[in-house]
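Colleague: Next input, structure requested:
(one chain, ligands or ions: 2)
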Amino acid sequence: MIANAIEDSLSWSPANRADFSLVGSALAAVVQDGDVICLEGELGAGKTSLAQTFALGLGIASPVVSPTFNILCTYPEGRVPLHHFDLYRLDGPEQLEDVDFWALTDDGTPGVCLIEWADLFPDEMPEDALTIHVGYIEGNEEARSLRLSGEGGRAGRLLAAVAEVFDGKSASQEQDA
Ligand SMILES: Nc1ncnc2c1ncn2[C@@H]1O[C@H](COP(=O)(O)OP(=O)(O)OP(=O)(O)O)[C@@H](O)[C@H]1O
Ligand SMILES: [Mg+2]
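Modeller: Numbers count the residues shown, from 1 in each chain. Ligands and ions are numbered 1, 2, ... in the order given. This next block holds a predicted model:
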């Protein structure tokens with residue numbers, strides 16, 4: 001077993017896009033109003049790709065694109081409303097107020113927040129958030145590394161859901177071998 005619900009971090013390197021997308025769908029199945037997911041990783045690593053599979057899982061039909069220029073796009077039509085942030089172009093934390101960041105990430109506010117480039121403003125992120133780092137893997141353009149971490153009840157619930165996916169994949173890979 002590579003993961004379980006009481007650990008506060010998980011790592012997995014999906015070898016292809018199909019496996020990568022399992023993480024977004026697993027999270028979409030369990031997120032609740034007030035949850036916050038912080039996405040970190042280099043330019044083009046796959047943060048928006050993860051957001052897209054997550055949005056599909058929530059039942060959002062409209063195309064999810066990188067909100068780099070708008071900073072925030074809200075999709076109200078899924079099982080839980082999605083507030084998708086991209087903080088790359090912000091010059092400083094005071095600009096977060098312009099997109100209602102603190103109100104939207106407050107755990108009493110309806111909707112789930114997905115925040116690309118959360119690591120640019122670490123002090124502004126809620127304590128009980130799930131952080132996902134997406135990385136490249138040298139020598140394999142279709143593979144990615146994922147590291148998920150978080151402390152607190154909300155993050156723990158999300159980690160547990162993804163742990164099931166990771167365990168299932170590792171079990172089936174052992175069977176195939
Ligand atoms: N397994 C994979 N999972 C996700 N994306 C992949 C995978 N393999 C290749 N890609 C490609 O990697 C790119 C990821 O781009 P994406 O916009 O999701 O990155 P990003 O981290 O949001 O970038 P930015 O920092 O510019 O916002 C896409 O071109 C996608 O097609
Ligand atoms: Mg992006």
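
Colleague: Name the residues of the protein found near ligand 1, please.
Modeller: 16-17, 20, 41, 43-49, 66, 116, 141-142, 144 (C-beta under 6 Å from any ligand atom). Using the backbone N, CA and C atoms, a C-beta is placed for each residue, glycine as well.

Colleague: which among the residues you listed gets closest to Val99?
Modeller: Glu116 (12.7 Å; C-beta to C-beta).

Colleague: And Ala51, how far from Gly168?
Modeller: 23 Å (C-beta to C-beta, to the nearest Å).

Colleague: quick one, helices of the protein?
Modeller: Using DSSP state H, the helices assigned to the chain run over residues 17-30, 47-58, 101-105, 153-176.

Colleague: so what does the third one touch, helix or strand wise?
Modeller: Spelled out, it's helix 101-105. Judged by 3 or more C-beta pairs under 8 Å, 6 or more residues apart in numbering; DSSP states H and E, the packing partners of helix 101-105 are strand 112-116.

Colleague: what's the neighbour count on the nearest residue to Asp19 once chain neighbours are set aside?
Modeller: Nearest in space to Asp19, with sequence neighbours left out and distances taken as C-beta to C-beta, 6 or more residues apart in numbering, is Lys169 at 6.5 Å. Taking other C-beta atoms under 10 Å as the criterion, the count of residues near Lys169 is 16.

Colleague: Now do the contacts for Lys169.
Modeller: Applying C-beta atoms under 8 Å, 6 or more residues apart in numbering to Lys169 gives the contacts Trp12, Pro14, Asp19, Leu22.

Colleague: Is Ile37 in contact with Leu27, as I believe?
Modeller: Yes. Judged on C-beta atoms under 8 Å, Ile37 makes contact with Leu27 at a distance of 6.8 Å.

Colleague: how near is the residue nearest the centre of the chain to Ser149?
Modeller: Centre of the chain computed as the mean C-alpha position; nearest residue by C-alpha atoms, centre = their mean is Ile37, 4.7 Å away. Look at Ile37 and Ser149: by C-beta to C-beta, they are 11 Å apart.

Colleague: Next: Leu27.
Modeller: Leu27 is 14 Å from Ser149, by C-beta to C-beta.
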